[in-house]
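S.K.: any chance you can model this:
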Amino acid sequence: MNDPMLFLPLIPLLPLLGFLLNGVLGSRLPKALVSAIALIFPLASFALVARAAWMVHTGLALPVVEHDAPAWIVSGAMHIGFGLALDQLTLVMLLVITGVGFLIHLYSVGYMEHEAGYWRYFAYLNLFLFFMTTLVLAANFLLMFVGWEGVGLASYLLIGFYIDRKSAGDAGKKAFVVNRVGDFGFLIAIFLLLANFGTLNFSEIAAHLATPAALSGGTITLICLCLLLGATGKSAQIPLYIWLPDAMEGPTPVSALIHAATMVTAGVYMIARAHALFDLSPTALMVVAVIGAATAFFAATVAMVQTDIKRVLAYSTISQLGYMFLACGVGAYSAAVFHLMTHAFFKALLFLAAGSVIHGLSGEQDMRRMGGLRKEMPVTFWTMTAAVLAISGFFPFAGFFSKDAILAAAFEQGAAGKALWTVGLITALLTSFYMFRLWYMTFMGQSRARGHAQHEHGHEHDHKQAHAHESPWIMLTPLVILAALSVGGGWVGMERFGAFLAPVTGKAANAGDAHVELMLSVLAVLVAATGWFVAHSLYARSESRGATESLAGPRRVLENKYWIDELYIACVVRPIEWIARYVLGWIGELVLVRGSAWLLAGIAGLCGEWLRRWQSGNLRSYAAWLAAAAAVLLIFVLAGTLLGVGGFAQTLSWAVR
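M.R.: A predicted model of the protein is given here:
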């Protein structure tokens, strides 16, 4: 199998097979066999991706491989198939999805061991991998949209996994509905692409854009803004970010897989994939950059005051995705994908380490009831420390290289770029602060565990009788691997990574002034160190934790998340409910219910009146009607006999007319 075309379809189909086996037979299989099925197929998919990466590295495979599948939609000159494509960008995404995805599957075996619906959980995870790999392997926008909708479905199923808990169901529905708004924009973009290009294939659209007969700037900008609307929904950016914090209602490994490492990066991937369109619209690129910078700063401020360990990480994810959008907006697509990759390492590690803490504390998620876990959970402590240093941007951890590349790219874009760089630098300060706040509150000082906690599944446990304990090695092994990637995952360097993606993104990272880049790097590290120092001053000693209460006003604003959810409810949800309940309800009752009843009653009355006139009770009248009907029937029978079937049909047609 030296030809990637031979095994390319197997990459998504293997997880699909795992989903079918566990989904159909899982409830009757022993737990060990369910685990084996759930792990073997994603591992096999990762092995195929690793083989493809090796073939590309050694030059055995072409830079771009397209797999021609059977036709899907054929209409005139339009031909859309189930085509798959493998290039450098796809390869990076597949390595992240299948590699990190398998580690999260492995972790889940230990984390979900005692949960009901074990087989259902792993069936959903495998289904998610199928749709996510389909999304990134798609050679056209329509097949990408199938994967796009599929990961939305899998996300809905996994967020609402705890079917006996209303909050989980509500969170799943919220994610599903909010994403439909973004998906509407994506669909409009697909229709516009089809109308203007006659194709949805990525390579054909890029080739058309390279010709002098390319579309006008206004049309390109409209298409890009519609694509951006879809990306803001899937990647939780302003204004459609509101679903992701509530998505933490799902099991913690779900947060690591879907809402940190893979699904939420789909919007970034889509913009990078469609860069040929965005490069022709400076307006669209500026909108992308502004949305990314605003989201990064906004989410970082909210994360500063969160007390639920998973919600801190949720807002952190939104903020880091903002960095990726900022990079795309300044044309640094390779830097965005570089940060996407490193973020998958350290954010998956942060969520899994948080899950280890929750597991070790019998379900506690409130950081105010943690503390003193450094000695009780040493592996979790050290691995999470690596992730905190990575996301804060300390050298030589992975986050330093990717975040530094984004800030440097923004700094080089003139006055507007320097303004974006300033926002990004302030966000880096806030990121370091809230991550070390989490680190101190969770692991340092004395234990503050008290009372009882409610586990994710809903069972209560008494902390006075349950001491913190380290997680089993089936959960710790993925932490150690991800910690190694969080430390060394960025050492490949932006220059080599950009050169690798250059055939797809169209340009490698520009080599700027070495002295300026060094100055920016040192400044970024100093900012991260400042965030650590502030967090240390406020949270290193338990008696100083009340210092932030002096900022009661700003703190209240942040704790209420700027009242954005309430604003959505007042301006969007309530008006729609009012229209549905009163306007549409009144119209529906008046027109559909009462109107149809009046209409049917009127028809029945008219028919009755007409038939009543026939029922006169006069025998001579009845005889006359019967004689007339018999005469008419006899005339048509005789006409059919004399004229034949054809003539009879013509006579009948004439009579009807």
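
S.K.: tell me which element residue 345 falls in.
M.R.: Using DSSP states H and E, residue 345 falls within helix 333-360.

S.K.: ok, now which ones touch residue 18?
M.R.: 37-38, 40-42, 122-123, 126 (Cβ atoms under 8 Å, 6 or more residues apart in numbering). In this view, the C-beta of every residue, glycine as well, is placed from N, C-alpha and C.

S.K.: which two among those residues are spaced furthest apart?
M.R.: 40 and 123 (13.9 Å; Cβ to Cβ).

S.K.: so the two - more neighbours on which side?
M.R.: residue 123 (26 against 15; other Cβ atoms under 10 Å).

S.K.: the more buried one contacts residue 17, correct?
M.R.: No. In this structure, residue 123 is not within contact of residue 17 by Cβ atoms under 8 Å, at 11.2 Å.

S.K.: shaky segments in the stretch 451-600 of the chain?
M.R.: Applying pLDDT under 70 to the stretch 451-600 of the chain picks out residues 451-466, 507-513, 542-552, 580, 582-595.

S.K.: strands along that one, start to end?
M.R.: 452-454, 460-462 (DSSP state E, counting those that start in this stretch).

S.K.: now for residue 210, how many residues are close by?
M.R.: 9.

S.K.: doesn't residue 85 lie inside a strand?
M.R.: Yes. Assessed by DSSP: H, G, I helix; E, B strand; the rest coil, residue 85 belongs to a strand.

S.K.: so residue 79: helix, strand or coil?
M.R.: strand.

S.K.: got a list of what it touches?
M.R.: So residue 79 contacts 71, 73, 199 (Cβ under 8 Å, 6+ apart).

S.K.: quick one: pLDDT of it?
M.R.: We note a pLDDT of 74 for residue 79 in this prediction.

S.K.: show me what the helix holding residue 345 is packed against.
M.R.: If contacts are counted by 3 or more Cβ pairs under 8 Å, 6 or more residues apart in numbering; DSSP states H and E, helix 333-360 sits against helix 88-111, helix 252-256, helix 266-273, helix 309-329, helix 378-392, helix 398-411, helix 473-488, helix 494-505.

S.K.: closest one to residue 209 among the ones you listed?
M.R.: helix 266-273 (13.3 Å).

S.K.: and that closest one, how far out from the chain's middle?
M.R.: 11 Å (Cα atoms, centre = their mean, to the nearest Å).

S.K.: can you state the direction angle for it and helix 88-111?
M.R.: Interaxial angle of helix 266-273 relative to helix 88-111 (axes from the mean of the first three to the mean of the last three Cα atoms, to 10 degrees): 170 degrees.

S.K.: rounded mean pLDDT for the next helix or strand after helix 266-273, please.
M.R.: Sequence order places helix 275-278 as the next helix or strand after helix 266-273, per DSSP H and E. Here helix 275-278 scores 93 as its mean pLDDT.

S.K.: what do you get for stretch 374-393?
M.R.: Mean predicted confidence for stretch 374-393 is 94.

S.K.: how about it: buried residues?
M.R.: 374, 376-377, 379-381, 383-393 (16 or more other Cβ atoms under 10 Å).

S.K.: give the burial count for the residue lying closest to residue 85 once chain neighbours are set aside, as a bare number.
M.R.: Take residue 85 and drop its neighbours on the chain: the residue closest to it by Cβ to Cβ, 6 or more residues apart in numbering is residue 139, 3.9 Å away. For residue 139, the count of nearby residues is 26 (other Cβ under 10 Å).

S.K.: so what's the backbone phi/psi at residue 139?
M.R.: Here is the backbone geometry of residue 139 (degrees, to the nearest 10): phi -100, psi 0.

S.K.: look up how far residue 81 lies from it.
M.R.: Applying Cβ to Cβ, to the nearest Å, the value for residue 139 to residue 81 is 8 Å.

S.K.: and what of residue 162?
M.R.: In terms of Cβ to Cβ, residue 162 sits 40 Å off from residue 81.

S.K.: by mean pLDDT, which helix or strand of the protein comes out lowest?
M.R.: Between all helices and strands in the chain, the lowest mean by mean pLDDT, DSSP states H and E belongs to strand 460-462, at a mean of 43.

S.K.: ok now the helix holding residue 345, how far from the chain's centre?
M.R.: Worked out by Cα atoms, centre = their mean, helix 333-360 lies 15 Å from the chain centre.

S.K.: and the strands in the stretch 1-150 of the chain, which stretches?
M.R.: 65-67, 71-75, 78-81, 84-86.

S.K.: reformat those as TSV; add distance to residue 479.
M.R.: Shown next, in TSV, are the strands of the stretch 1-150 of the chain (distance: least, Cβ to Cβ, whole Å):
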stretch	distance to residue 479
strand 65-67	34
strand 71-75	42
strand 78-81	42
strand 84-86	31
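
S.K.: winner for burial among these?
M.R.: strand 84-86 (a mean of 24; mean count of other Cβ atoms under 10 Å).

S.K.: quick one: distance of it to the chain centre.
M.R.: Worked out by Cα atoms, centre = their mean, strand 84-86 lies 21 Å from the chain centre.

S.K.: again with stretch 561-568
M.R.: Distance of stretch 561-568 from its chain centroid, counting by Cα atoms, centre = their mean, is 22 Å.

S.K.: buried stuff in it?
M.R.: Buried, per 16+ other Cβ under 10 Å, within stretch 561-568: residue 561.

S.K.: please begin residue numbering at 53 from this point
M.R.: Yep, numbering from 53; the last one is stretch 613-620 now.

S.K.: give me the contacts around that stretch.
M.R.: 294, 297, 350, 354, 609, 612.

S.K.: contacting residues for the fifth one?
M.R.: Looking back up the chat, that one is residue 609. So residue 609 contacts residue 615 (Cβ under 8 Å, 6+ apart).
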